[in-house]
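Enquirer: Dropping a prediction and its sequence here:
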Amino acid sequence: MALLHPSSFLRVGLAQMHCQANRLQNLLAAKKLILEASERGVHVLCLPELFLSEYFCQKEDHAYFELAEPIPGPTTDELSSLAQEHQLVLIASLFEKRAHGLYHNTAAILDADGTYLGKYRKMHIPDDPLFYEKFYFTPGDLGFRSWKTKAGQLGVLICWDQWYPEAARLTALHGAEVLFYPTAIGWHPSEKKEVGKQQKEAWQLAQRAHALANGVYVVSVNRFGHEAPAGGEGLEFWGSSFVAAPDGSLLMEAPENQEGLFLADLDLSLIEKQRTHWPFLRDRRIDAYTGIEQRYLDVEETSFPSCRK
């Protein structure tokens with residue numbers, strides 16, 4: 001497979017969108033960003049989580065299931081044509097209807113020749129005030145993986161997955177050089193003054209740690225702006241889409257309140273350099289991790305062998 005970038009540099013585009021209630025308006029906004037990305041030499045463009053609508057999970061309402069669609073389906077067909085026309089890889093987060101009564105929060109991966117490569121179904125599903133995702137989505141069942149695209153070996157996870165080192169690790173172990181996280185995260189306006197700074201710093205810190213621990217790039221793409229489809233105070237999405245380098249350093253960060261396309265050039269040769277000098281994968285004690293698949297290790301209920309070496 002011929003790469004889009006003959007050198008070790010990969011240009012990624014982060015589409016930070018202010019999503020509206022109108023699906024067509026959001027799709028048109030995404031198309032403009034795809035065109036701009038093509039004109040600016042982007043190899044991979046990632047759209048934010050559930051970009052075709054406002055973040056409807058602020059309320060448990062059966063009417064919102066009408067937003068769901070099959071994957072592959074009409075939207076992926078349209079985006080595949082755009083990916084082929086503009087010769088870039090697209091990562092698109094959509095509300096998937098798998099069957100009657102069975103729905104997922106899903107990202108489609110579309111190669112630069114228009115090929116639909118597959119999908120990732122969000123594995124970790126939150127259930128917090130104004131983030132009532134368990135009402136809408138069943139946890140993913142496709143596992144963690146990566147895709148060989150014309151832009152390189154890419155992994156995709158979604159939003160709440162950002163907090164789980166196991167998800168990043170397993171995706172990296174499947175060969176991903178770059179982890180993409182389509183995201184919809186923000187503040188409850190009433191909490192912002194007291195804990196907003198800490199919440200945002202924790203969000204970024206967790207993902208930068210994934211980059212460092214695995215020696216990969218992390219690309220986190222968030223929406224921004226105030227949304228209150230259920231009324232009340234709603235949510236204030238904090239934007240701040242960013243890229244972390246394989247050493248955990250912050251390569252770029254978008255503003256909190258600005259819509260647009262933000263770019264970063266990734267030097268993929270730094271992955272080998274970082275992993276050689278900080279060989280975390282080499283030093284993993286895979287013989288000593290028994291129990292990691294358990295919910296919690298209650299001492300009186302478990303008796304896992306320990307490793308003494």
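Expert: Cool, the structure landed.

Enquirer: Y103 contacts E133, doesn't it?
Expert: No. Using C-beta atoms under 8 Å, Y103 makes no contact with E133, being 10.3 Å away. For glycine as for every other residue, the C-beta is placed from the backbone atoms N, C-alpha and C.

Enquirer: Pull up the overlap in contacts between the two.
Expert: Shared contacts of Y103 and E133 (C-beta atoms under 8 Å, 6 or more residues apart in numbering): none.

Enquirer: Now for K59: which residues touch it?
Expert: 132, 229-230.

Enquirer: Of those, select the buried ones using a PyMOL command.
Expert: Burial among the contacts of K59 is assessed by 16 or more other C-beta atoms under 10 Å; the matching PyMOL selection reads:
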select buried, resi 132+229+230
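
Enquirer: Including pLDDT, could the contacts of K59 go into JSON lines?
Expert: Formatted as JSON lines, the contacts of K59 follow (pLDDT from 0 to 100):
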{"residue": "Y132", "pLDDT": "98"}
{"residue": "P229", "pLDDT": "95"}
{"residue": "A230", "pLDDT": "89"}
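
Enquirer: Same list (the contacts of K59) but as JSON lines, adding distance to W147.
Expert: Output for the contacts of K59, formatted as JSON lines (distance: C-beta to C-beta, whole Å):
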{"residue": "Y132", "distance to W147": "30"}
{"residue": "P229", "distance to W147": "32"}
{"residue": "A230", "distance to W147": "35"}
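
Enquirer: Q199: which of the contacts of K59 is nearest?
Expert: Checking the contacts of K59 against Q199 with C-beta to C-beta, the nearest one is Y132 at 18.4 Å.

Enquirer: which of the contacts of K59 lies closest to S81?
Expert: Among the contacts of K59, P229 lies closest to S81 (C-beta to C-beta), at 29.5 Å.

Enquirer: And the next helix or strand past the helix with the most length in the chain?
Expert: In the chain, taking DSSP state H as the definition, the longest helix is helix 189-214. Next in sequence after helix 189-214, counting helices and strands by DSSP states H and E, comes strand 217-222.

Enquirer: need the next SSE after that next one, C-terminal direction.
Expert: Next element after strand 217-222 (DSSP H and E): strand 224-227.

Enquirer: Quickly find the element holding the closest residue to Q87 other than its chain neighbours.
Expert: Of all residues not flanking Q87 in the chain, A112 sits nearest, at 5.0 Å (C-beta to C-beta, 6 or more residues apart in numbering). Following DSSP H and E, one finds A112 outside all helices and strands.

Enquirer: Confirm for me that A112 is in contact with L154.
Expert: No. Applying C-beta under 8 Å as the test, A112 and L154 come out as separate, 11.5 Å apart.

Enquirer: what touches both of those two?
Expert: Overlap of the contact sets of A112 and L154 (by C-beta under 8 Å, 6+ apart) consists of V89.

Enquirer: Between the two, which is the more surrounded one?
Expert: Using other C-beta atoms under 10 Å as the criterion, A112 and L154 rank with L154 on top: 27 against 20.
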